[in-house]
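**Student:** Build me a model from this:
(2 chains)
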Amino acid sequence: MSTLRPLPHRIYRISTFRLQERHETGTNAPMIFLKGLTKHFGPLVAVDDVSFDVGKGQVLGFLGPNGAGKSTTMKMIAGFLEPTAGTAEIVGFDICTSPVAAKKKIGYLPEGAPTYGDMTPATFLNFIAEIRGFGGADKARRIGDVVEKVRLKEVFHQSIDTLSKGYRRRVGLAQAILHDPDVLLLDEPTDGLDPNQKHHVRALIHEMAADKAIIVSTHILEEVEAVCSRAIIIANGRIVADGTPVELLARDPGYNTVNVHVSTGDLASVEAGLAGLGTIHHAPPPRVSGGTVLQISDNGDSTLIMRVSERIRERGLNIEEVYLDKGSLDRVFRQVTTAPASGISANA
Amino acid sequence: MRNIAIIARRELTGYFATPVAYVFIVIFLAMMGSFTFYIGNFFERGQADLATFFEFHPWLYLLLIPAISMRLWAEEHKSGTIELLMTLPITTTSAVLGKFLAAWIFAGIALALTFPMWITVNVLGNPDNGVIVTSYIGSWLMAGAFLSIGSCISAMTRNQVIAFIVAATICFLFTMSGLELVLNFFRLWAPDLLIETIASLSFLTHFRAVMNGVIDIRDLIFFTSLMTFWLFANVIIIDLKKSD
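**Tutor:** Model prediction:
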């Protein structure tokens, strides 16, 4: 799996050329195009042949355990690390062959949101705006807008070193969105923020999503459900799952199962009463309350809960509790990142 | 070109945003003065020139220039801002040149602030101001060469202390290589060609030539090609270093 491939630069050059044609003709063409992105650090394969694309209006949640290659992939897309093989294309510009043009289209928040500590948000954003080619009134307007958006006004003239973690992250975010980029790469944007700040950053991402292609790398799963229209999970440098959050949830074996908690004495009668509605599994009860949980599934049919509760009422079955399992990304995440990669993909 | 200026300006204001710049300038001026007057015996010599002043520049630069250059890239590596800087739409070359220029201009400011020395010698006597001007230019060029070495070394490490010590050592070798002390060591066994090459790499040899009041094109080429070489190496190191 980790065999060193020769650099297939020429092949990718040809394929990117074709992709470019597709860009010009396609209406909803992808803005980020990863083509066999691979990174080796010595003998270690950090990112192994990762390919996907992200279109306008899409917010991609990029998930994976620590050390799975998330940040490495982000760094390659942003043009900081040079891929060992493959490339990324940003709105038609190859990050390896025309890095400056591609970087103009990207807003990037690196992991940990590094900023120059001895500057103030004012001087720092001024520097970024100038490097991004803005001047005069346009520059002032953009800085004003972005300060408003990420709420930096009250610390605008304080040295960044003295700011709290939340403010520093906001300075990093401000820097990334200042030029209203087509492509936004956010590496753990809410790491270390309090729940209010997290909510605010997510709202901001949501607000900007319509006319951008956004990749949000994270290991916080609630974030995916909150802001992402699609999620990719990588483990050991390879994509192990790719789909909408709902599609991923559907891969949880517990997704849309109806769980009936019964005490040990009633187990036989309830099980008999529920027969025929779906496949019944015995699961241990969730709390130290004794009894058994009957897990009923009918191929993910979401109306099962109605039929089960109806049956319980009809036959007067003696149960403790009935609930619907909506599936959990947590379980899916554990399942796909701990099992050996088998190339499972929800929309493949 | 525009980007180089923007980066240089950011760096330069960075120097003055912290006490670093002021501490450096004060110490630079104090040491320059005391070296010239006490060790160089400026008054006792009774000569209306600044030879004793410029004589000490290479030795002072040896200590102080690596102190400017050590943070140029090591700091970026350490704080992770290199990732921010290198994902902005600029080339590595403009980042390297911008930072180098800022440091060089800063060294120039410190050097220019020694002007009371020039006033003093003009009040006391009738010096050859042409020689003084070329000496200043030569000194600034030499500072640039020292800085380019320091900048390149700083790019190799995230540790400023290491950057300082290694840069100071390499600068020391470049300065010393013109002294008989060093050359005699090579004379024992090395061919003449090698000895001449080593001697020709010396900052001292070239700086003394300029101090005589003549800016020889060879000295100019020496300092500029040295800067070009080290800054070129600097660019390559940045590109290599960020990939691991």
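**Student:** And the nearest residue to A:Thr72 once chain neighbours are set aside, its phi and psi?
**Tutor:** Computed as Cβ to Cβ, 6 or more residues apart in numbering or on different chains, the closest residue to A:Thr72 that is not its neighbour in sequence is A:Ala46, at 4.6 Å. Where you see a C-beta, it was placed from the backbone N, CA and C, and this is true even at glycine. Note on A:Ala46: its backbone torsions stand at phi -80, psi -40 [degrees, to the nearest 10].
**Student:** check contacts around A:Ala46.
**Tutor:** A:Lys39, A:His40, A:Gly69, A:Thr72, A:Gly237 (Cβ atoms under 8 Å, 6 or more residues apart in numbering or on different chains).
**Student:** A:Phe127 too?
**Tutor:** For A:Phe127, the contacting residues are A:Met119, B:Ile6, B:Arg10, by Cβ under 8 Å, 6+ apart.
**Student:** same question, A:Val293
**Tutor:** Contacts for A:Val293 were tallied using Cβ under 8 Å, 6+ apart; they are A:Asn259, A:Val260, A:His261, A:Val262, A:His282, A:Ala283, A:Pro284, A:Pro285, A:Pro286.
**Student:** now the strand or helix carrying it: mean pLDDT?
**Tutor:** In this structure, A:Val293 is located in strand A:292-297 according to DSSP states H and E. The predicted model assigns strand A:292-297 a mean pLDDT of 84.
**Student:** Which is the succeeding secondary structure element to that strand?
**Tutor:** helix A:304-315.
**Student:** list the buried ones in that next one?
**Tutor:** Using 16 or more other Cβ atoms under 10 Å in any protein chain shown as the test for burial, helix A:304-315 gives A:Leu304, A:Ile305, A:Arg307, A:Val308, A:Arg311, A:Ile312.
**Student:** again, but for stretch B:222-232
**Tutor:** Along stretch B:222-232, these residues count as buried under the neighbour rule (16+ other Cβ under 10 Å): B:Phe222, B:Phe223, B:Leu226, B:Met227, B:Trp230, B:Leu231.
**Student:** For those, give me a markdown table that also has secondary structure and pLDDT.
**Tutor:** Conversion of these to a markdown table gives the following (DSSP: H, G, I helix; E, B strand; the rest coil; pLDDT from 0 to 100):
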| residue | secondary structure | pLDDT |
| --- | --- | --- |
| B:Phe222 | helix | 88 |
| B:Phe223 | helix | 89 |
| B:Leu226 | helix | 91 |
| B:Met227 | helix | 94 |
| B:Trp230 | helix | 95 |
| B:Leu231 | helix | 96 |
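**Student:** would JSON lines of those with distance to chain A be doable?
**Tutor:** Below are those laid out as JSON lines (distance: Cβ to the nearest Cβ, whole Å):
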{"residue": "B:Phe222", "distance to chain A": "33"}
{"residue": "B:Phe223", "distance to chain A": "30"}
{"residue": "B:Leu226", "distance to chain A": "29"}
{"residue": "B:Met227", "distance to chain A": "24"}
{"residue": "B:Trp230", "distance to chain A": "23"}
{"residue": "B:Leu231", "distance to chain A": "19"}
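**Student:** Now find how far off-centre the lowest-mean-pLDDT helix or strand in chain B is within its chain.
**Tutor:** Comparing every helix and strand of chain B by mean pLDDT, DSSP states H and E singles out helix B:42-45 as the least confident one, with a mean of 74. Using Cα atoms, centre = their mean, to the nearest Å, we find the averaged C-alpha position of helix B:42-45 to lie 27 Å away from the chain's own average C-alpha position.
**Student:** now do stretch A:298-311
**Tutor:** That offset, for stretch A:298-311, works out to 31 Å (Cα atoms, centre = their mean).
**Student:** And what about whatever residue of the stretch 151-300 of chain A ends up closest to chain B, helix, strand or coil?
**Tutor:** Among all residues of the stretch 151-300 of chain A, A:Gln175 sits closest to chain B, at 7.3 Å; criterion: Cβ to the nearest Cβ. Here A:Gln175 takes the helix state, with states given by DSSP: H, G, I helix; E, B strand; the rest coil.
**Student:** Chain A contacts on chain B?
**Tutor:** For chain B, the residues in contact with chain A (Cβ under 8 Å from any Cβ of the partner chain) are B:3, B:6-7, B:10, B:13-14, B:17-18, B:79-81, B:83-84, B:86-91, B:239, B:242-244.
**Student:** State the distance from the most centrally placed residue in chain B to B:Pro116.
**Tutor:** Compute the mean C-alpha point of chain B, and by Cα atoms, centre = their mean the closest residue is B:Ala143, 2.2 Å away. Note on B:Ala143: its distance to B:Pro116, by Cβ to Cβ, to the nearest Å, is 19 Å.
**Student:** ranges for the strands of chain B?
**Tutor:** Per DSSP state E, chain B has no strands. Nothing in it meets that criterion.
**Student:** Poorly predicted segments of chain B, please.
**Tutor:** For chain B, residues meeting the criterion pLDDT under 70 lie at B:243-244.
**Student:** since we're on whatever residue of it ends up closest to chain A, how many residues are nearby?
**Tutor:** The shortest separation between chain B and chain A is 3.7 Å, found at B:Gly80 (distances taken as Cβ to the nearest Cβ). B:Gly80 has 15 neighbouring residues, counting by other Cβ atoms under 10 Å in any protein chain shown.
**Student:** Go ahead and confirm it touches A:Pro110.
**Tutor:** Yes. Contact between B:Gly80 and A:Pro110 holds when scored by Cβ atoms under 8 Å: they sit 6.7 Å apart.
**Student:** if we can go back for a sec, nearest to A:His179, out of the buried residues of helix A:304-315: which one, please.
**Tutor:** Minimum distance to A:His179 across these is 48.8 Å, recorded for A:Ile305 (Cβ to Cβ).
**Student:** In stretch B:148-166, which residues are buried?
**Tutor:** Neighbour-count burial for stretch B:148-166 flags B:148-158, B:160, B:163-164, B:166 (criterion: 16+ other Cβ under 10 Å).
**Student:** same thing with stretch B:58-73?
**Tutor:** Applying 16+ other Cβ under 10 Å to stretch B:58-73 flags B:58, B:60-62, B:64-73 as buried.
**Student:** Please apply the same query to stretch A:294-307.
**Tutor:** Taking 16+ other Cβ under 10 Å as the basis for neighbour counts, the residues of stretch A:294-307 that come out buried are A:Leu294, A:Gln295, A:Ile296, A:Ser297, A:Asp298, A:Leu304, A:Ile305, A:Arg307.
**Student:** now do stretch A:246-254
**Tutor:** For stretch A:246-254, a neighbour-count test (16+ other Cβ under 10 Å) marks A:Glu247, A:Leu248, A:Leu249, A:Arg251, A:Asp252, A:Gly254 as buried.
**Student:** What of stretch A:65-82?
**Tutor:** For stretch A:65-82, the neighbour count (16+ other Cβ under 10 Å) marks A:65, A:68-82 as buried.
**Student:** This completes my enquiry, with thanks.
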